[in-house]
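K.L.:
one predicted model, sequence on top.
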Amino acid sequence: MPDQDGSPYPELLARLDRWSADAHEAHPGIIPCQPGCTACCHGPFDISVADTVMIRSAVRRLPAEARAGVTARAAALAEKILALAPDWSAPWDIGAIGDDRFDVISEALVNEPCPLLDAAGACVIYHDRPLICRWMGLGLLAEDGRAFDNACPIQDQFPEYAALPLQPFALAPFETREALCLEDAAEALLGDRERGAYETTIALALGEL
């Protein structure tokens, strides 16, 4: 599968990084999210087709030993996922089994660490991590009034953090740009620009490396 060299997607994700950094600056010492915290890095979760292309490229660039560790962990988690969904087949589109069934799988494996975490709990492709990993940890308020609550699983341990207001973000132009990135990635991964809604998991995305 082609890499995503030259794709505008990493620059798009950088907008989320800047949004997060601005929130940290506006609320110093309040937001616990930082490299090394793995509270939200467990259980299968959905990633987009653009994320799939990006993380596969990033894992290919890892040193051989680190790459082998990732692929071994991914294979082990993929085996557990497919034991719960033996009829699921490549290219492992969540749409093929449906969100409700995927939610059951995610709940059953909620304590399984992400294959991208090394033995020390560090993400080995942190700078190329998926969109959801950058969004997680802050509530978001779009310019059109849409509200997305903070989904951090440990926020109850940090009362000031849990009480933070939703952080403003220009979501509409982000989504417009994202849609084009998804179409490009769908063409690269699946040979079909119309499949931009494709989603899978990190473990299954890395299963063919």
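P.N.:
Structure's in. What do you need? Numbering: from 1, shown residues only.
K.L.:
center of the protein - which residue?
P.N.:
Pro130 (3.5 Å; Cα atoms, centre = their mean).
K.L.:
for this structure, which spans come out with low pLDDT?
P.N.:
Residue ranges of the chain with pLDDT under 70: 1-6.
K.L.:
quick one, helices of it?
P.N.:
Assigned helices in the chain, in chain order: 9-26, 49-60, 64-84, 99-108, 131-135, 159-162, 171-190, 202-205 (criterion: DSSP state H).
K.L.:
how far off centre is the longest one?
P.N.:
If I follow you right, that is helix 64-84. 16 Å (Cα atoms, centre = their mean, to the nearest Å).
K.L.:
one step back: what about the residue nearest to the residue nearest to the centre of the chain when sequence neighbours are not counted, neighbour count?
P.N.:
Nearest non-adjacent residue to Pro130, counting by Cβ to Cβ, 6 or more residues apart in numbering: Asp51, 3.8 Å away. Where you see a C-beta, it was placed from the backbone N, CA and C, and this is true even at glycine. Using other Cβ atoms under 10 Å, Asp51 has 26 neighbouring residues.
K.L.:
just checking, Asp51 touches Trp135?
P.N.:
No - taking contacts as Cβ atoms under 8 Å, Asp51 lies outside contact range of Trp135: 11.6 Å.
K.L.:
need the contact list for Pro44.
P.N.:
Contact partners of Pro44, counting by Cβ atoms under 8 Å, 6 or more residues apart in numbering, are 77, 81, 102, 105-106, 109, 112, 201-203.
K.L.:
give me the distance between it and Pro113.
P.N.:
To Pro113, Pro44 is 11 Å away according to Cβ to Cβ, to the nearest Å.
K.L.:
likewise Glu143?
P.N.:
36 Å.
K.L.:
those two: who's more crowded?
P.N.:
Set Glu143 next to Pro113 and count neighbours by other Cβ under 10 Å: Pro113 wins out with 14 against 11.
K.L.:
any idea how many residues pack against the nearest residue to that one once chain neighbours are set aside?
P.N.:
Distance criterion Cβ to Cβ, 6+ apart; nearest residue to Pro113, sequence neighbours excluded, is His42 at 5.5 Å. His42: 16 surrounding residues under other Cβ under 10 Å.
K.L.:
then Leu204?
P.N.:
Leu204 has 22 neighbours, counted by other Cβ under 10 Å.
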